[in-house]
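Engineer: structure for the following, please:
(2 chains)
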Amino acid sequence: MKKSYQSFGDNSINDMRQVTYRNLTTRLLFLGLLFLLTFSTSLFSQDADPVKGKALFNVNCAACHSLDKKITGPPLRGVEAKLSDEQGLDRDWIYAWVRNSPAVLKSGDTYANKIFEEFNGTAMTPMPQLSDEDIDNILAYTATEKVIPPTPDLGTIGATQSVEGGISNEIILGALAILFMLLAIGLYLVNKTLRRFAVAHAVEIPVVEKSTPLWQAFVKNQFLLLVTAIFFLLTSGYFAFGYMMQIGVDQGYQPVQPIHFSHKIHAGDNKIDCKYCHSSARVSKTSGIPSLNVCMNCHKSIYEYNGETTAEYNKEFYDSEIKKLYAAVGWDDDEQQYTGETQPVKWTRIHNLPDFVYYNHSQHVTVAGLECQICHGPVEEMEEVYQYSPLTMNWCLECHKKTNIKTEGNAYYTKIHEELSKKYDLDKFTVRDNGGLECGKCHY
Amino acid sequence: MKSLIKILVVVIMISLFSSCKKDSRPNYQFMPNMYEPVGYETYGEYEVFPDEQSAMLPAEGTIARGYSLFDYENTNEDYERAKLELKSPLDSTQINLIKGKELYNIYCGICHGTKGNGQGNLVKREKILGIPSYDDVGRAITEGSIYHTIYYGKNAMGSYVNQLNEEERWQVVSYVLNLKADLEK
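Structural biologist: You can find the predicted model right below:
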């Protein structure tokens, strides 16, 4: 390093004498770069392994620290250089802090107490299990330069592709249209020539005689009229019945929700249990719309979407939906704290039972142990949820007739099941046998 | 020409009828006053409530049936205090590890892993990182600290107090201790 300084000095003096000012600056810049490079390599020339460091970082640090973003703790990219430059703290300080931060705090270290206050007194968990080498590896990882991923411009790619597709489709359609026009013209020409030939060779063209119109013959035939009338009455009755039967049935209902919450990503890709969010389905009548703090259990850490995307649902789209959540719950993602300004999210309820029906989720989820999908369909595949089942009375009863009650291991049923199976000579015990078809069970 | 007009009229009428049904809005009802509830629905929007929401917090200073007070604050000192003092009210006959496991797998396993080693599905998919294993030496969790963490959350972890009731929380604590013992073997 000393040498480079020396040469820098010598060169600059020489350059001053010999060449122009502009050349000097470029040389200066080049030497500065050289200087920086030698400096940065010399810092991490020990055998620290950033790959091992990454694994250790993900296990031990990433709960509270990100490389570039302030989360529970400060961002850690280039932390060692930053500490030594700004605070004059060396690696030994980092060792002590990582292994036992409360002790460093108690020793009255100014910087430690300052950062502790800055993060609202969140104590860093002591990591006595990390060796010097482990911490060196982690520091090597935090010292890696930020890799800016080459961002392929999704918008333009999608646009050009669709334009290309459009062009090829239009070309095909246009070609077909021209072909048909040519055919039509050809036929017309052939017809014309043939007629001319017929006239030239004195061939008679037969003239079609006009018979009685079809509808007059139809009106005169009484029997046919009767049959047609009956046919029309029956078909219209059939369609009227079909139309009236679907009134009040909302199967397929798929309203647009205020936040595009994808059940496919949450329940499908990430396999989060339904009851994680709809926790009251276990214990109460309603399945429960999760309050936003449940969202924030994960979305405090997950502030962007990194899964697979389509042209319609791209990363920007999903990221903006997460922003909507932050706005509603009043979370300042940059400062990592709640602002206190909240607003309710007006979800649209999809599954509505009429007021004269009683339905209880806990009875079906906890007592019967049914999968949610039996009634709600493949929600884990739905980008936007729709009503899968008709929710008609017949649909309820069909299931009650064929579903067996799980009596094993249920103390309540041991006695009842024995008595009933004796009385009615039944092996299986369906919901119907337990009174599941009685009106008063659901209508009262 | 006349028949063409008639066909057109029929087509237009059919398309008008079919366009009445749309999936983005609910279907017609025979007698809406039989279907629509008179009482307040669970998540309904009514003018009488503050913010027009029927979903409200319990009145301040009240405790719902089946709930009890928790003497520990959401601070580091009280976390340390809970770690030392707080003990499970469940005795050995009340501990139900099957129920604890079921609840654990729903609420905790997604991040902490079904074995408690910090390798849940969200960690494997690199959505959430840095979930410690339960046998982590630096944390040295106890039943009191586990309960405090479930109650208030810690660092990036949120509170689970509205998803689990008091008894369920202690069942989960028992199961977590069980997992910790398995990991330390």
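Engineer: burial check on the residue of the stretch 251-400 of chain A found nearest chain B, number of neighbours?
Structural biologist: Of all residues in the stretch 251-400 of chain A, A:N297 sits closest to chain B, at 3.6 Å by Cβ to the nearest Cβ. Every residue, glycine included, has its C-beta placed from N, CA and C. Neighbours of A:N297 under the rule other Cβ atoms under 10 Å in any protein chain shown: 23.
Engineer: my read: it touches B:G158, true?
Structural biologist: Yes. Using Cβ atoms under 8 Å, A:N297 makes contact with B:G158 at a distance of 3.6 Å.
Engineer: tell me which helix or strand the residue of the stretch 251-400 of chain A closest to chain B sits in.
Structural biologist: Per DSSP states H and E, A:N297 falls inside helix A:292-299.
Engineer: same question, B:L103
Structural biologist: helix B:97-107.
Engineer: now do the contacts for residue 99.
Structural biologist: I'll assume chain A. Residues counted as contacts of A:R99 (Cβ atoms under 8 Å, 6 or more residues apart in numbering or on different chains) are A:P126, A:M127, A:P128, A:L130.
Engineer: nope, chain B please
Structural biologist: Counting by Cβ under 8 Å, 6+ apart, B:K99 touches B:E168, B:Q171.
Engineer: measure it to A:E209 for me?
Structural biologist: Separation of B:K99 from A:E209 (Cβ to Cβ, to the nearest Å) stands at 91 Å.
Engineer: and the angle for the helix holding B:L103 with helix A:292-299?
Structural biologist: Interaxial angle of helix B:97-107 relative to helix A:292-299 (axes from the mean of the first three to the mean of the last three Cα atoms, to 10 degrees): 80 degrees.
Engineer: residues in contact with whatever helix or strand comes next after helix B:97-107?
Structural biologist: The helix or strand immediately downstream of helix B:97-107 is helix B:109-112, counting by DSSP H and E. The contact list for helix B:109-112, computed with Cβ under 8 Å, 6+ apart, reads A:270-273, A:276, B:118, B:120-123, B:128, B:131, B:134, B:157.
Engineer: ok, now stretch A:126-139?
Structural biologist: By Cβ under 8 Å, 6+ apart, the surrounding residues in contact with stretch A:126-139 are A:46, A:48-50, A:52-53, A:56-57, A:60-61, A:79-80, A:91, A:94-95, A:98-102, B:136-138.
Engineer: swap the cut-off to 10 Å and go again
Structural biologist: With contacts defined as Cβ atoms under 10 Å, 6 or more residues apart in numbering or on different chains, stretch A:126-139 is touched by A:43-44, A:46-57, A:60-61, A:65, A:76, A:78-81, A:91-92, A:94-95, A:97-104, B:132, B:136-140.
Engineer: what residues sit buried inside it?
Structural biologist: When burial is assessed from 16 or more other Cβ atoms under 10 Å in any protein chain shown, stretch A:126-139 yields the following buried residues: A:P126, A:M127, A:L130, A:D134, A:I135, A:D136, A:N137, A:I138, A:L139.
Engineer: would a markdown table of the contacts of A:R99 with secondary structure be doable?
Structural biologist: Written out in a markdown table, the entries for the contacts of A:R99 read as follows (DSSP: H, G, I helix; E, B strand; the rest coil):
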| residue | secondary structure |
| --- | --- |
| A:P126 | coil |
| A:M127 | coil |
| A:P128 | coil |
| A:L130 | coil |
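Engineer: of all pairs in those residues, which one is the farthest apart?
Structural biologist: A:P126 and A:L130 (9.7 Å; Cβ to Cβ).
Engineer: center of the chain, which residue is that?
Structural biologist: Using chain A. A:I265 (3.8 Å; Cα atoms, centre = their mean).
Engineer: wrong one, I was asking about chain B
Structural biologist: Judging by Cα atoms, centre = their mean, chain B has its centre closest to B:Q163, at 4.3 Å.
Engineer: tell me the SS of that residue?
Structural biologist: When classified by three-state DSSP, B:Q163 comes out as coil.
Engineer: setting aside sequence neighbours, what's the nearest residue to it?
Structural biologist: By the measure of Cβ to Cβ, 6 or more residues apart in numbering or on different chains, the closest residue to B:Q163 outside its immediate chain neighbours is A:S279, 4.1 Å from it.
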